[in-house]
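A.B. asks: everything below, folded, please.
(one chain, ligands or ions: 2)
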Amino acid sequence: MQQVKVAVVGAGVVGLSTAVLVAETLPQCSVCVLADRFTPDTTSDVAAGILSPGRFPDIPIEQQKRWFKRTFDHFLAIADSSEAAEAGVLLSSGWQIFQEVPSEEKPYWSDCVLSFRTMTNTELKRFPQYKFGYAYTTIKCECLTYLPWLQKRLKKAGGILTRERVTDLTELGLRYNVVVNCSGLGAQALVRDEDVHPIRGQVLMVHAPWLKHFVRVAGGQTYIYPGTHAVTLGGTRQVNDWRLEADAGEREAILERCQHLEPSLGAASHLAEKVGLRPGRRNLRLEREYVRVQGRQVPVVHNYGHGSWGITLSWGTALDALDLVQQCLNERPPPARL
Ligand SMILES: Cc1cc2nc3c(=O)[nH]c(=O)nc-3n(C[C@H](O)[C@H](O)[C@H](O)COP(=O)(O)OP(=O)(O)OC[C@H]3O[C@@H](n4cnc5c(N)ncnc54)[C@H](O)[C@@H]3O)c2cc1C
Ligand SMILES: O=C([O-])CC(=O)C(=O)O
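C.D. replies: Ligands and ions are numbered 1, 2, ... in the order given. Presented below is the predicted three-dimensional model:
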(Lines give C-alpha, C1' and ligand atoms only; values in the text may rest on other atoms or scores of the structure.)
(Ligands and ions follow the chains in the order given, each with its own letter.)
Protein backbone atom coordinates (compact mmCIF):
# COMPACT_ATOMS: atom_id res chain seq x y z
CA MET A 1 0.00 0.00 0.00
CA GLN A 2 1.32 3.48 -0.81
CA GLN A 3 2.15 5.45 2.31
CA VAL A 4 0.39 8.74 3.01
CA LYS A 5 3.04 11.15 4.27
CA VAL A 6 1.78 13.26 7.18
CA ALA A 7 3.76 16.20 8.61
CA VAL A 8 2.86 17.39 12.10
CA VAL A 9 4.36 20.82 12.87
CA GLY A 10 5.00 21.15 16.62
CA ALA A 11 6.41 18.92 19.34
CA GLY A 12 4.56 20.34 22.34
CA VAL A 13 1.80 18.39 24.06
CA VAL A 14 -0.69 19.18 21.26
CA GLY A 15 1.57 18.15 18.36
CA LEU A 16 2.84 14.97 20.00
CA SER A 17 -0.65 13.84 21.09
CA THR A 18 -1.95 14.38 17.56
CA ALA A 19 1.05 12.65 15.97
CA VAL A 20 0.72 9.60 18.26
CA LEU A 21 -2.99 9.24 17.47
CA VAL A 22 -2.45 9.48 13.70
CA ALA A 23 0.49 7.06 13.75
CA GLU A 24 -1.29 4.50 15.95
CA THR A 25 -4.72 4.71 14.28
CA LEU A 26 -3.94 5.10 10.58
CA PRO A 27 -1.46 2.40 9.47
CA GLN A 28 -1.39 3.81 5.92
CA CYS A 29 0.20 7.03 7.25
CA SER A 30 3.88 7.68 7.92
CA VAL A 31 4.11 10.50 10.45
CA CYS A 32 6.94 13.02 10.81
CA VAL A 33 6.93 15.62 13.60
CA LEU A 34 8.78 18.77 12.55
CA ALA A 35 9.67 21.32 15.21
CA ASP A 36 12.29 23.87 16.05
CA ARG A 37 11.98 23.07 19.77
CA PHE A 38 11.53 19.74 21.51
CA THR A 39 11.18 18.78 25.16
CA PRO A 40 12.50 20.16 27.53
CA ASP A 41 12.37 23.47 25.62
CA THR A 42 8.68 23.84 24.65
CA THR A 43 6.01 25.91 26.41
CA SER A 44 4.37 22.62 27.39
CA ASP A 45 7.47 21.82 29.47
CA VAL A 46 6.87 24.98 31.54
CA ALA A 47 3.23 24.17 32.33
CA ALA A 48 2.18 23.27 35.84
CA GLY A 49 0.32 20.45 34.09
CA ILE A 50 -2.88 20.43 36.09
CA LEU A 51 -6.06 19.37 34.29
CA SER A 52 -8.31 22.33 34.98
CA PRO A 53 -10.60 23.56 32.21
CA GLY A 54 -11.57 27.13 31.38
CA ARG A 55 -13.92 28.44 28.76
CA PHE A 56 -13.49 29.63 25.17
CA PRO A 57 -16.23 32.23 24.63
CA ASP A 58 -17.60 31.12 21.23
CA ILE A 59 -17.18 27.33 21.28
CA PRO A 60 -20.26 25.34 22.41
CA ILE A 61 -19.75 24.25 25.99
CA GLU A 62 -20.72 20.64 25.16
CA GLN A 63 -17.76 20.50 22.78
CA GLN A 64 -15.37 21.93 25.39
CA LYS A 65 -16.69 19.44 27.92
CA ARG A 66 -16.20 16.56 25.47
CA TRP A 67 -12.57 17.63 24.83
CA PHE A 68 -11.93 17.76 28.57
CA LYS A 69 -13.71 14.48 29.36
CA ARG A 70 -11.80 12.59 26.68
CA THR A 71 -8.51 14.09 27.90
CA PHE A 72 -9.31 13.33 31.54
CA ASP A 73 -10.26 9.73 30.76
CA HIS A 74 -7.06 9.25 28.73
CA PHE A 75 -4.90 10.48 31.62
CA LEU A 76 -6.92 8.61 34.23
CA ALA A 77 -6.27 5.33 32.40
CA ILE A 78 -2.52 6.14 32.47
CA ALA A 79 -2.64 7.17 36.16
CA ASP A 80 -4.32 3.84 36.98
CA SER A 81 -1.72 1.82 35.06
CA SER A 82 1.82 0.63 35.75
CA GLU A 83 2.99 3.26 33.21
CA ALA A 84 1.95 6.17 35.47
CA ALA A 85 5.42 7.02 36.85
CA GLU A 86 7.16 6.59 33.52
CA ALA A 87 4.57 8.85 31.86
CA GLY A 88 4.64 11.49 34.64
CA VAL A 89 0.89 11.29 35.28
CA LEU A 90 -0.59 11.32 38.78
CA LEU A 91 -3.87 11.97 40.58
CA SER A 92 -4.00 15.27 42.43
CA SER A 93 -6.58 16.22 45.06
CA GLY A 94 -7.20 19.66 46.49
CA TRP A 95 -9.21 22.84 46.67
CA GLN A 96 -10.23 25.64 44.34
CA ILE A 97 -11.19 28.62 46.49
CA PHE A 98 -13.20 31.80 45.90
CA GLN A 99 -13.60 35.10 47.74
CA GLU A 100 -17.16 35.36 46.44
CA VAL A 101 -19.53 32.55 45.54
CA PRO A 102 -19.01 32.11 41.77
CA SER A 103 -21.93 32.31 39.33
CA GLU A 104 -21.40 28.62 38.63
CA GLU A 105 -21.70 26.84 41.95
CA LYS A 106 -21.14 23.65 40.00
CA PRO A 107 -18.92 24.13 36.93
CA TYR A 108 -19.70 22.35 33.64
CA TRP A 109 -16.79 19.95 34.16
CA SER A 110 -17.76 18.86 37.69
CA ASP A 111 -18.88 15.39 36.60
CA CYS A 112 -15.70 14.78 34.55
CA VAL A 113 -13.24 14.98 37.48
CA LEU A 114 -13.35 12.64 40.48
CA SER A 115 -15.18 13.22 43.77
CA PHE A 116 -16.33 16.78 43.02
CA ARG A 117 -18.13 18.52 45.92
CA THR A 118 -18.29 21.93 47.52
CA MET A 119 -15.89 22.51 50.41
CA THR A 120 -17.08 22.07 53.97
CA ASN A 121 -16.87 24.91 56.52
CA THR A 122 -14.08 23.05 58.30
CA GLU A 123 -12.04 22.97 55.09
CA LEU A 124 -12.79 26.64 54.36
CA LYS A 125 -11.43 27.61 57.79
CA ARG A 126 -7.96 26.90 56.38
CA PHE A 127 -8.43 29.90 54.06
CA PRO A 128 -10.01 32.65 56.19
CA GLN A 129 -10.31 35.16 53.32
CA TYR A 130 -12.26 32.76 51.12
CA LYS A 131 -15.97 32.13 51.33
CA PHE A 132 -16.53 29.24 49.00
CA GLY A 133 -14.68 26.41 47.31
CA TYR A 134 -14.68 23.24 45.24
CA ALA A 135 -12.91 20.09 46.44
CA TYR A 136 -12.04 17.50 43.80
CA THR A 137 -9.48 15.11 42.45
CA THR A 138 -7.95 15.84 39.07
CA ILE A 139 -4.79 14.83 37.20
CA LYS A 140 -1.34 16.37 37.13
CA CYS A 141 0.61 15.65 33.97
CA GLU A 142 4.30 16.48 34.22
CA CYS A 143 5.32 17.30 30.67
CA LEU A 144 9.07 16.97 31.32
CA THR A 145 8.30 13.26 31.74
CA TYR A 146 5.15 12.93 29.64
CA LEU A 147 6.55 14.43 26.40
CA PRO A 148 9.53 11.99 26.26
CA TRP A 149 7.00 9.19 26.94
CA LEU A 150 4.82 10.39 24.02
CA GLN A 151 7.89 10.62 21.78
CA LYS A 152 8.78 7.02 22.63
CA ARG A 153 5.21 5.95 21.90
CA LEU A 154 5.33 7.78 18.56
CA LYS A 155 8.58 6.11 17.53
CA LYS A 156 7.15 2.71 18.48
CA ALA A 157 4.27 3.40 16.07
CA GLY A 158 6.79 4.19 13.29
CA GLY A 159 6.76 8.01 13.62
CA ILE A 160 9.87 10.14 13.34
CA LEU A 161 10.98 13.47 14.85
CA THR A 162 12.95 16.06 12.90
CA ARG A 163 14.32 19.41 14.04
CA GLU A 164 13.30 21.96 11.43
CA ARG A 165 11.93 25.48 11.47
CA VAL A 166 8.98 25.62 9.08
CA THR A 167 8.45 28.98 7.41
CA ASP A 168 5.87 28.05 4.79
CA LEU A 169 3.13 25.39 4.96
CA THR A 170 2.88 25.47 1.16
CA GLU A 171 6.48 24.33 0.90
CA LEU A 172 5.66 21.42 3.24
CA GLY A 173 2.86 20.51 0.84
CA LEU A 174 5.53 19.66 -1.76
CA ARG A 175 6.95 16.98 0.53
CA TYR A 176 3.88 15.70 2.40
CA ASN A 177 0.33 14.63 1.52
CA VAL A 178 -1.26 16.03 4.68
CA VAL A 179 -0.01 18.81 6.99
CA VAL A 180 -1.14 19.15 10.63
CA ASN A 181 -0.41 22.51 12.21
CA CYS A 182 0.15 22.27 16.00
CA SER A 183 2.59 25.17 16.22
CA GLY A 184 1.00 26.89 19.25
CA LEU A 185 2.15 30.49 19.51
CA GLY A 186 4.28 29.88 16.39
CA ALA A 187 1.05 29.96 14.35
CA GLN A 188 1.06 33.74 14.62
CA ALA A 189 4.01 33.90 12.18
CA LEU A 190 3.52 30.58 10.39
CA VAL A 191 -0.05 31.13 9.18
CA ARG A 192 -0.18 34.89 9.88
CA ASP A 193 -2.91 34.44 12.45
CA GLU A 194 -3.19 37.77 14.24
CA ASP A 195 -5.62 36.36 16.76
CA VAL A 196 -2.78 34.31 18.30
CA HIS A 197 -0.88 36.14 21.03
CA PRO A 198 1.41 35.35 23.98
CA ILE A 199 0.09 35.12 27.52
CA ARG A 200 3.22 35.11 29.64
CA GLY A 201 3.41 32.82 32.66
CA GLN A 202 6.05 32.57 35.37
CA VAL A 203 6.23 29.72 37.88
CA LEU A 204 8.50 28.74 40.73
CA MET A 205 9.48 25.19 41.67
CA VAL A 206 10.14 24.61 45.37
CA HIS A 207 11.04 21.67 47.59
CA ALA A 208 8.16 21.22 50.07
CA PRO A 209 7.47 17.47 50.17
CA TRP A 210 5.06 17.82 53.11
CA LEU A 211 2.47 19.46 50.82
CA LYS A 212 0.09 16.96 49.26
CA HIS A 213 -3.02 18.94 48.27
CA PHE A 214 -3.30 21.51 45.51
CA VAL A 215 -4.73 24.97 46.17
CA ARG A 216 -5.99 27.07 43.26
CA VAL A 217 -7.50 30.53 43.66
CA ALA A 218 -10.58 31.07 41.44
CA GLY A 219 -9.42 31.32 37.79
CA GLY A 220 -5.80 30.42 38.56
CA GLN A 221 -4.42 33.81 39.70
CA THR A 222 -2.51 31.98 42.43
CA TYR A 223 -1.77 28.26 42.69
CA ILE A 224 0.17 25.64 44.62
CA TYR A 225 0.53 22.29 42.83
CA PRO A 226 2.45 19.49 44.58
CA GLY A 227 4.07 17.11 42.09
CA THR A 228 6.47 14.18 41.96
CA HIS A 229 9.72 16.03 42.66
CA ALA A 230 8.66 19.61 43.39
CA VAL A 231 5.77 21.90 44.21
CA THR A 232 4.86 24.37 41.44
CA LEU A 233 3.90 27.87 42.59
CA GLY A 234 2.23 30.40 40.32
CA GLY A 235 1.07 32.18 38.52
CA THR A 236 1.02 35.12 36.17
CA ARG A 237 -0.97 35.81 32.99
CA GLN A 238 0.48 38.76 31.09
CA VAL A 239 -1.21 39.30 27.77
CA ASN A 240 1.04 40.28 24.83
CA ASP A 241 4.17 40.11 26.98
CA TRP A 242 6.99 38.34 25.09
CA ARG A 243 9.62 38.41 27.89
CA LEU A 244 11.13 34.99 28.49
CA GLU A 245 13.36 36.02 31.39
CA ALA A 246 12.15 35.50 34.95
CA ASP A 247 11.16 38.69 36.75
CA ALA A 248 12.41 39.07 40.34
CA GLY A 249 9.43 41.22 41.37
CA GLU A 250 7.00 38.61 40.11
CA ARG A 251 8.89 35.86 41.92
CA GLU A 252 8.46 37.75 45.21
CA ALA A 253 4.78 38.42 44.48
CA ILE A 254 4.09 34.75 43.68
CA LEU A 255 5.88 33.64 46.85
CA GLU A 256 4.01 36.15 48.97
CA ARG A 257 0.59 35.15 47.60
CA CYS A 258 1.30 31.44 47.94
CA GLN A 259 2.74 31.79 51.43
CA HIS A 260 -0.34 33.72 52.44
CA LEU A 261 -2.41 30.64 51.52
CA GLU A 262 0.08 28.11 52.83
CA PRO A 263 2.38 29.63 55.52
CA SER A 264 4.57 26.50 55.72
CA LEU A 265 5.99 27.49 52.32
CA GLY A 266 8.24 29.87 54.28
CA ALA A 267 10.37 26.79 55.00
CA ALA A 268 10.54 25.59 51.38
CA SER A 269 13.81 25.75 49.44
CA HIS A 270 13.85 27.07 45.88
CA LEU A 271 14.66 24.69 43.06
CA ALA A 272 13.96 26.47 39.78
CA GLU A 273 12.06 29.20 38.04
CA LYS A 274 10.41 28.96 34.62
CA VAL A 275 8.74 31.29 32.14
CA GLY A 276 6.56 30.30 29.19
CA LEU A 277 4.37 32.00 26.61
CA ARG A 278 0.93 30.44 26.39
CA PRO A 279 -0.57 30.34 22.90
CA GLY A 280 -3.49 32.71 23.56
CA ARG A 281 -6.41 32.89 21.14
CA ARG A 282 -10.05 33.93 21.68
CA ASN A 283 -11.06 30.41 20.62
CA LEU A 284 -8.70 27.56 19.86
CA ARG A 285 -8.51 26.68 16.17
CA LEU A 286 -9.43 23.13 15.22
CA GLU A 287 -10.43 22.91 11.58
CA ARG A 288 -9.15 21.93 8.18
CA GLU A 289 -8.57 23.75 4.95
CA TYR A 290 -6.87 23.12 1.63
CA VAL A 291 -3.82 25.02 0.43
CA ARG A 292 -2.87 25.12 -3.22
CA VAL A 293 0.57 23.68 -3.99
CA GLN A 294 1.65 23.56 -7.63
CA GLY A 295 -1.83 22.79 -8.91
CA ARG A 296 -2.60 20.27 -6.12
CA GLN A 297 -4.86 20.91 -3.13
CA VAL A 298 -3.04 19.83 0.04
CA PRO A 299 -5.12 19.33 3.18
CA VAL A 300 -4.02 21.23 6.29
CA VAL A 301 -5.51 20.43 9.70
CA HIS A 302 -5.06 23.19 12.30
CA ASN A 303 -4.93 22.39 16.02
CA TYR A 304 -3.55 25.34 18.00
CA GLY A 305 -4.39 28.22 20.32
CA HIS A 306 -5.05 26.25 23.53
CA GLY A 307 -4.14 29.16 25.85
CA SER A 308 -3.97 28.08 29.49
CA TRP A 309 -5.50 24.70 28.76
CA GLY A 310 -3.14 22.89 26.42
CA ILE A 311 -2.58 19.87 28.65
CA THR A 312 -6.18 19.95 29.90
CA LEU A 313 -7.57 19.58 26.36
CA SER A 314 -4.62 17.87 24.64
CA TRP A 315 -6.00 14.40 24.00
CA GLY A 316 -9.60 15.44 23.29
CA THR A 317 -8.58 18.00 20.67
CA ALA A 318 -6.03 15.57 19.20
CA LEU A 319 -8.84 13.00 18.75
CA ASP A 320 -10.83 15.59 16.78
CA ALA A 321 -7.74 16.47 14.72
CA LEU A 322 -7.36 12.75 13.96
CA ASP A 323 -10.97 12.70 12.69
CA LEU A 324 -10.17 15.65 10.42
CA VAL A 325 -7.09 13.87 9.02
CA GLN A 326 -9.25 10.79 8.40
CA GLN A 327 -11.85 12.89 6.59
CA CYS A 328 -9.13 14.35 4.36
CA LEU A 329 -8.00 10.86 3.41
CA ASN A 330 -11.53 9.70 2.66
CA GLU A 331 -12.62 12.50 0.40
CA ARG A 332 -11.51 13.83 -2.92
CA PRO A 333 -9.92 17.30 -2.55
CA PRO A 334 -11.83 20.22 -4.06
CA PRO A 335 -10.67 21.23 -7.54
CA ALA A 336 -7.65 23.53 -7.49
CA ARG A 337 -8.71 27.11 -8.27
CA LEU A 338 -6.43 29.15 -10.47
C1 LIG B 1 3.42 29.04 33.48
C2 LIG B 1 2.46 28.19 32.69
C3 LIG B 1 1.67 27.27 33.37
C4 LIG B 1 0.75 26.48 32.65
N5 LIG B 1 0.01 25.57 33.34
C6 LIG B 1 -0.87 24.80 32.66
C7 LIG B 1 -1.62 23.81 33.35
O8 LIG B 1 -1.48 23.62 34.55
N9 LIG B 1 -2.54 23.10 32.64
C10 LIG B 1 -2.70 23.27 31.28
O11 LIG B 1 -3.55 22.59 30.69
N12 LIG B 1 -1.99 24.18 30.61
C13 LIG B 1 -1.09 24.96 31.27
N14 LIG B 1 -0.34 25.89 30.59
C15 LIG B 1 -0.64 26.12 29.16
C16 LIG B 1 0.11 25.09 28.29
O17 LIG B 1 1.47 25.14 28.59
C18 LIG B 1 -0.13 25.38 26.81
O19 LIG B 1 -1.51 25.49 26.52
C20 LIG B 1 0.43 24.25 25.98
O21 LIG B 1 1.79 24.03 26.29
C22 LIG B 1 0.28 24.48 24.49
O23 LIG B 1 0.81 23.37 23.83
P24 LIG B 1 1.21 23.41 22.31
O25 LIG B 1 1.70 22.06 21.96
O26 LIG B 1 0.10 24.01 21.53
O27 LIG B 1 2.39 24.49 22.24
P28 LIG B 1 3.96 24.39 22.60
O29 LIG B 1 4.24 23.55 23.76
O30 LIG B 1 4.42 25.82 22.61
O31 LIG B 1 4.56 23.69 21.33
C32 LIG B 1 4.63 24.33 20.07
C33 LIG B 1 5.56 23.55 19.17
O34 LIG B 1 5.52 24.09 17.86
C35 LIG B 1 6.83 24.30 17.40
N36 LIG B 1 6.81 25.36 16.41
C37 LIG B 1 6.16 26.55 16.46
N38 LIG B 1 6.35 27.25 15.32
C39 LIG B 1 7.14 26.47 14.55
C40 LIG B 1 7.71 26.63 13.25
N41 LIG B 1 7.48 27.72 12.51
N42 LIG B 1 8.49 25.62 12.76
C43 LIG B 1 8.74 24.52 13.47
N44 LIG B 1 8.22 24.32 14.71
C45 LIG B 1 7.44 25.28 15.23
C46 LIG B 1 7.61 24.63 18.67
O47 LIG B 1 9.00 24.46 18.46
C48 LIG B 1 7.02 23.60 19.61
O49 LIG B 1 7.62 22.35 19.39
C50 LIG B 1 0.61 26.66 31.26
C51 LIG B 1 1.44 27.55 30.59
C52 LIG B 1 2.36 28.31 31.28
C53 LIG B 1 3.25 29.27 30.54
O1 LIG C 1 -4.53 28.01 35.90
C2 LIG C 1 -3.90 27.07 36.39
O3 LIG C 1 -4.27 26.45 37.40
C4 LIG C 1 -2.63 26.62 35.74
C5 LIG C 1 -2.65 26.99 34.33
O6 LIG C 1 -3.37 26.41 33.55
C7 LIG C 1 -1.85 28.12 33.86
O8 LIG C 1 -1.12 28.76 34.61
O9 LIG C 1 -1.95 28.37 32.64
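A.B. asks: Three-state assignment for the closest residue to ligand 2 within the stretch 51-200 of the chain, please.
C.D. replies: Nearest to ligand 2, among the residues of the stretch 51-200 of the chain, is residue 52, at 4.8 Å (C-beta to the nearest ligand atom). For every residue, glycine as well, the C-beta is placed using N, CA and C. Here residue 52 is recorded as coil under DSSP: H, G, I helix; E, B strand; the rest coil.
A.B. asks: is it correct that it is in contact with residue 216?
C.D. replies: Yes - judged on C-beta atoms under 8 Å, residue 52 makes contact with residue 216 at a distance of 6.7 Å.
A.B. asks: residues contacting residue 78?
C.D. replies: 84, 87, 89 (C-beta atoms under 8 Å, 6 or more residues apart in numbering).
A.B. asks: ugh, wrong one, residue 281
C.D. replies: Taking C-beta under 8 Å, 6+ apart, we find residue 281 in contact with 193, 195, 196, 197, 304, 305, 307.
A.B. asks: now render those residues as a markdown table, adding pLDDT and secondary structure.
C.D. replies: Shown next, in a markdown table, are the contacts of residue 281 (pLDDT from 0 to 100; DSSP: H, G, I helix; E, B strand; the rest coil):
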| residue | pLDDT | secondary structure |
| --- | --- | --- |
| 193 | 98 | coil |
| 195 | 98 | coil |
| 196 | 98 | coil |
| 197 | 98 | strand |
| 304 | 98 | strand |
| 305 | 98 | coil |
| 307 | 98 | helix |
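A.B. asks: just the buried residues from these, in ChimeraX please.
C.D. replies: A single ChimeraX command selects the buried members of these (16 or more other C-beta atoms under 10 Å):
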select :193,196,197,304,305,307
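A.B. asks: using a markdown table, lay out the contacts of residue 281 together with distance to residue 162.
C.D. replies: Output for those, formatted as a markdown table (distance: C-beta to C-beta, whole Å):
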| residue | distance to residue 162 |
| --- | --- |
| 193 | 23 |
| 195 | 28 |
| 196 | 23 |
| 197 | 28 |
| 304 | 19 |
| 305 | 24 |
| 307 | 27 |
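A.B. asks: wait, which of the contacts of residue 281 is closest to residue 111?
C.D. replies: residue 307 (23.1 Å; C-beta to C-beta).
A.B. asks: isn't the closest one right next to residue 278, touching?
C.D. replies: Yes - Residue 307 is within contact range of residue 278, at 5.5 Å (criterion: C-beta under 8 Å).
A.B. asks: so for the two, which residues contact both of them?
C.D. replies: Common contacts of residue 307 and residue 278 (C-beta under 8 Å, 6+ apart): residue 199.
A.B. asks: all helices of the stretch 201-338 of the chain, in order?
C.D. replies: Taking DSSP state H, counting those that start in this stretch as the criterion, the stretch 201-338 of the chain contains helices spanning 248-261, 314-330.
A.B. asks: close to ligand 1, is the longest one?
C.D. replies: No - with C-beta under 6 Å from any ligand atom as the criterion, ligand 1 is not reached by helix 314-330; the gap is at least 7.3 Å.
A.B. asks: just stretch 86-101 next, same as before
C.D. replies: No - on the criterion C-beta under 6 Å from any ligand atom, stretch 86-101 is out of touch with ligand 1, staying 10.3 Å away.
A.B. asks: leaving out the residues flanking it, which one is nearest to the closest residue to ligand 2 within the chain?
C.D. replies: At 2.5 Å from ligand 2, residue 220 is the closest residue in the chain, using C-beta to the nearest ligand atom. Using C-beta to C-beta, 6 or more residues apart in numbering and skipping the chain neighbours, the partner closest in space to residue 220 is residue 235 (6.0 Å).
A.B. asks: next, format the helices of the stretch 201-338 of the chain as TSV and append distance to residue 25, mean neighbour count and mean pLDDT.
C.D. replies: Below are the helices of the stretch 201-338 of the chain laid out as TSV (distance: least, C-beta to C-beta, whole Å; neighbours: other C-beta atoms under 10 Å; pLDDT from 0 to 100):
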stretch	distance to residue 25	mean neighbour count	mean pLDDT
helix 248-261	41	15	97
helix 314-330	6	21	97
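A.B. asks: could those helices go into JSON lines alongside distance to residue 64?
C.D. replies: Output for the helices of the stretch 201-338 of the chain, formatted as JSON lines (distance: least, C-beta to C-beta, whole Å):
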{"stretch": "helix 248-261", "distance to residue 64": "28"}
{"stretch": "helix 314-330", "distance to residue 64": "9"}
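A.B. asks: hang on, residue 247 packs against residue 202?
C.D. replies: Yes - with contacts counted by C-beta under 8 Å, residue 247 reaches residue 202, the gap being 6.4 Å.
A.B. asks: looking at these two, which one has more neighbours?
C.D. replies: Neighbour count, other C-beta atoms under 10 Å: between residue 247 and residue 202, residue 202 has more, with 25 against 17.
A.B. asks: so for that one, what's the pLDDT?
C.D. replies: pLDDT for residue 202: 98.
A.B. asks: tell me what it is bridged to.
C.D. replies: Here residue 202 sits in beta bridges with residue 275, as judged by DSSP bridges.
A.B. asks: need the contact list for it.
C.D. replies: Residues counted as contacts of residue 202 (C-beta under 8 Å, 6+ apart) are 234, 235, 236, 246, 247, 250, 251, 254, 273, 274, 275.
A.B. asks: count of residues packed around residue 264?
C.D. replies: Residue 264 has 10 neighbours, counted by other C-beta under 10 Å.
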